[in-house]
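1. what's the 3D shape of this:
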Amino acid sequence: MPSLDARGVASLLREYAQRTALRGGNPYRAKAYSRAADSLAALAVPLDVLVAEDRLTEIPGVGDAIADIITKLHKTGSHPSLEKLRKEIPAGVLEMLAVPGLRPEKVLRLYKDLGIGSLSELEAAAKDDHIKKAKGLGAALQTKILQNLAIAKSGGGRLHLHRAAALLAHAKDSIGKSRPELKRVTIAGDFRRGCELVGDLAIVAEAAKSDKSSTPSADGLQIRVSDGKQFGAALLFATGSAAHIEQLQALAAEKGMRLDADGLHKGRTVIAGEEAEIYRALGLPFIDPELREGRGEIEAALRGKLPKLVTDQDLRGILHCHTDASDGTETLVTMAKATRRRGFEYFGVADHSKSAHYAGGLSVEEIAQQHREADRLNKRSGKDFRILKGIESDILADGSLDYDDDVLERFDFVVASIHGRFKLDRKAQTQRLLRAISDPHTTIIGHMTGRQLQRRPGYEIDVEKVLRACAKHDVVVEINAHPWRLDLDWRWHQAALDFGCMLSINPDAHSIAELDHMHWGVLMARKGGVPAERVLNAMTLAEITRYLRQKRRSLARAA
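-> Sure thing, here's the model as predicted:
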């Protein structure tokens, strides 16, 4: 049989990962196979070239052992270990691994004990109450399955933003090395639009002579090559979204022009080929890629109402970070130093509070100790950098915060977050948040909906009511920049702005490396149309110190 290409091998390797997970044993082995499969799907160099030149280990996540498996799959279309695993479990069972929260051992129980062999059979069994009656499975698992089936159906094949970034960066670097004749190698697709989950891995490049060859795959890397005159139009179409392009084409038609992937035409003449030229010829300012979703951005551009979006450079400090005092990996001093090295003016520590026993939440004595250390470090830092003393205080089931007022008053800022009791109904969960927001000690509401992308949906709340309350009580709305959260969803950012809320882009960092999550939060804020003047941590040290001092004065007056 002919050798398999990268996409074919990636599919088999992903199957290998799933079957390995169901077999049990070392869970990291299955994850390693899965990551290598993702890397293969984004391969910019033909797989047969890498195999022939013994360069497979250049692929991210591919070591010698996985390289041997890839070589066998590439040359034969199979692997003895994969064939052995296939005899144990039917293919349909693998579908169930896509359900968030459904671990491999539970999938195996569902298959062996209840005979459930596919995603459709799983949904039917859950709806018919068959799962909750089974010993060792139960009602809680059945509820989780019903809640998360939608994620399993909608999230397939999409990557978290940070994972897509790594794969696309490697692909771009590979193209530069293997095809040096190409110029302006540019990442496009939904990654360029800042989508929180990426399924369209696309790159556009310019060649001296147009070469229309590409990888036309919905689940793999697509490289589009254009000549210099058409590069901008090719980038525009490869970026999307489909709705944005359709609206641009409709506007062009109204003006007696035609827009296609070759450029903007008037009659038989191409009058614009670069992105900015195309927008300008249509009577529009340049529309940032993050806004191109067909959600009113063209109308706003025509009215001159496009926002000037926040950038990474606008951020002056970092808030909501954890140290080894709770569940972080680094000390307060190392996290602060790493923040300062990145050019920021302040570091806002916000370790977990006492109710978060699972995360080493701080006792009152530990708070005092951390504050003494922060004061000592601040004396050494001078006027250009400061540690702000905060806490991530758990919102209890009744909406109260989990410290007494006299403790909460000691902090520069308080991030109030929900970390449990996710299953309260919509009304109760909303009231819980409203009470926390009305607490005068609350500065920021953390990860407002509690979602974890492709893991769990957010808890049910009336988001509009919560945002209105934040505006009323001058409570800042967090854009949690952790790539598994990216919460508040960017689709609610405009509503938050309209109601009068301030927002804060916070990394929720538990290590030095996670400080750089800030970038993903900026992308989400840009996608939501947020300008720098509405971002709390775009304030300078002097400005945020003044802001927090005024908040404390208001608190004192209320008391």
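2. where along the stretch 301-450 of the chain do the strands fall?
-> Ranges of strands within the stretch 301-450 of the chain are 317-321, 346-352, 386-394, 413-417, 444-445, based on DSSP state E, counting those that start in this stretch.
3. same check, this time on the stretch 101-250 of the chain
-> Counting by DSSP E, counting those that start in this stretch, the strands of the stretch 101-250 of the chain are 159-160, 183-187, 197-198, 202-206, 222-226.
4. quick one: contacts for the nearest residue to His517 once chain neighbours are set aside?
-> Spatially, and ignoring its direct neighbours in sequence, His517 is nearest to Pro507 (4.0 Å; CB to CB, 6 or more residues apart in numbering). The C-beta positions use only the backbone N, C-alpha and C, and glycine is treated the same way. By CB atoms under 8 Å, 6 or more residues apart in numbering, the residues touching Pro507 are Ile318, His320, Cys321, Ala481, His482, Glu514, Leu515, Asp516, His517, Met518, Gly521.
5. one more time with 7 Å, if that's ok
-> Ile318, His320, Cys321, Ala481, His482, Glu514, Leu515, His517, Met518, Gly521 (CB atoms under 7 Å, 6 or more residues apart in numbering).
6. mean neighbour count, the strands of the stretch 101-250 of the chain: which tops it?
-> Among the strands of the stretch 101-250 of the chain, strand 202-206 has the highest mean neighbour count (mean count of other CB atoms under 10 Å), at a mean of 24.
7. hang on, the earlier thing: including mean pLDDT, could the strands of the stretch 301-450 of the chain go into a markdown table?
-> A markdown table is the format used below for the strands of the stretch 301-450 of the chain (pLDDT from 0 to 100):
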| stretch | mean pLDDT |
| --- | --- |
| strand 317-321 | 98 |
| strand 346-352 | 98 |
| strand 386-394 | 98 |
| strand 413-417 | 98 |
| strand 444-445 | 98 |
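8. between those, which one is nearest to Asp404?
-> strand 386-394 (11.2 Å; CB to CB).
9. chain center to that closest one: distance?
-> 24 Å (CA atoms, centre = their mean, to the nearest Å).
10. what strands flank that strand, and is each parallel or antiparallel?
-> strand 346-352 (parallel), strand 413-417 (parallel) (DSSP bridges).
11. identify whichever of these lies nearest to Val475.
-> The nearest among those, by CB to CB, is strand 413-417 at 8.1 Å.
12. check which residues of the closest one are buried.
-> Phe413, Val414, Val415, Ala416, Ser417 (16 or more other CB atoms under 10 Å).
13. tabulate these (a markdown table), appending distance to Glu246.
-> What follows is the buried residues of strand 413-417, written out as a markdown table (distance: CB to CB, whole Å):
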| residue | distance to Glu246 |
| --- | --- |
| Phe413 | 44 |
| Val414 | 46 |
| Val415 | 41 |
| Ala416 | 42 |
| Ser417 | 40 |
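14. contacts for stretch 299-316?
-> 283-285, 287-288, 290, 344-345, 505, 518-519, 522, 525-526, 529-532, 535, 537-541.
15. quick one, which of the residues you listed are buried?
-> With burial judged by 16+ other CB under 10 Å, the buried subset of these is 284, 287-288, 290, 344-345, 505, 518-519, 522, 525-526, 529-530, 532, 535, 537-539, 541.
16. quick one: which of those sit in strands?
-> Counting by DSSP state E, the part of the buried ones among the contacts of stretch 299-316 found in strands is Ile505.
17. from the buried ones among the contacts of stretch 299-316, which ones fall inside helices?
-> Met518, His519, Val522, Ala525, Arg526, Leu541 (DSSP state H).
18. of all the residues you listed, which two lie farthest apart?
-> Spanning the widest gap among these are Arg526 and Leu541, at 23.8 Å by CB to CB.
19. what residues are up against Glu533?
-> Glu533 makes contact with no residue, according to CB under 7 Å, 6+ apart.
20. quick one: it from Ile418, how far?
-> 29 Å (CB to CB, to the nearest Å).
21. cool, His371 as well?
-> For His371 relative to Ile418 (CB to CB), the value is 25 Å.
22. of these two, which one has the most company?
-> Ile418 (25 against 16; other CB atoms under 10 Å).
23. re earlier: of the buried residues of strand 413-417, which is the nearest to Ala164?
-> Looking across the buried residues of strand 413-417 and measuring by CB to CB, the closest to Ala164 is Ser417, at 27.0 Å.
24. from memory the closest one sits against Leu396, does it?
-> No - Ser417 lies out of contact with Leu396 (CB atoms under 7 Å); the separation is 11.3 Å.
25. tell me, what residue is most central in this structure?
-> Nearest residue to the geometric centre of the chain (CA atoms, centre = their mean): Pro483, 3.4 Å.
26. out of everything not next to it in sequence, what's closest to that one?
-> That would be His162: by CB to CB, 6+ apart, it lies 4.3 Å from Pro483.
27. shouldn't the one you found be in contact with Arg485?
-> No - the criterion here is CB under 7 Å, and His162 misses it with Arg485 at 11.7 Å.
28. circling back: need the strands of the stretch 101-250 of the chain in JSON lines (columns: mean pLDDT and distance to Ala234).
-> Listed next are those as JSON lines, based on pLDDT from 0 to 100; distance: least, CB to CB, whole Å:
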{"stretch": "strand 159-160", "mean pLDDT": "92", "distance to Ala234": "23"}
{"stretch": "strand 183-187", "mean pLDDT": "96", "distance to Ala234": "10"}
{"stretch": "strand 197-198", "mean pLDDT": "94", "distance to Ala234": "19"}
{"stretch": "strand 202-206", "mean pLDDT": "95", "distance to Ala234": "5"}
{"stretch": "strand 222-226", "mean pLDDT": "93", "distance to Ala234": "4"}
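29. for the residue nearest to Pro483, give its distance to Thr239.
-> Noted for His162: a distance of 20 Å to Thr239, by CB to CB.
30. who has more neighbours, the two?
-> The residue with more neighbours, out of His162 and Thr239, is Thr239; 23 against 15, by other CB under 10 Å.
31. now for the more buried one: which residues touch it?
-> Taking CB under 7 Å, 6+ apart, one finds Ala188, Gly189, Arg192, Arg193, Pro289, Arg292 in contact with Thr239.
32. ok, now Phe411?
-> Lys389, Gly390, Ile391.
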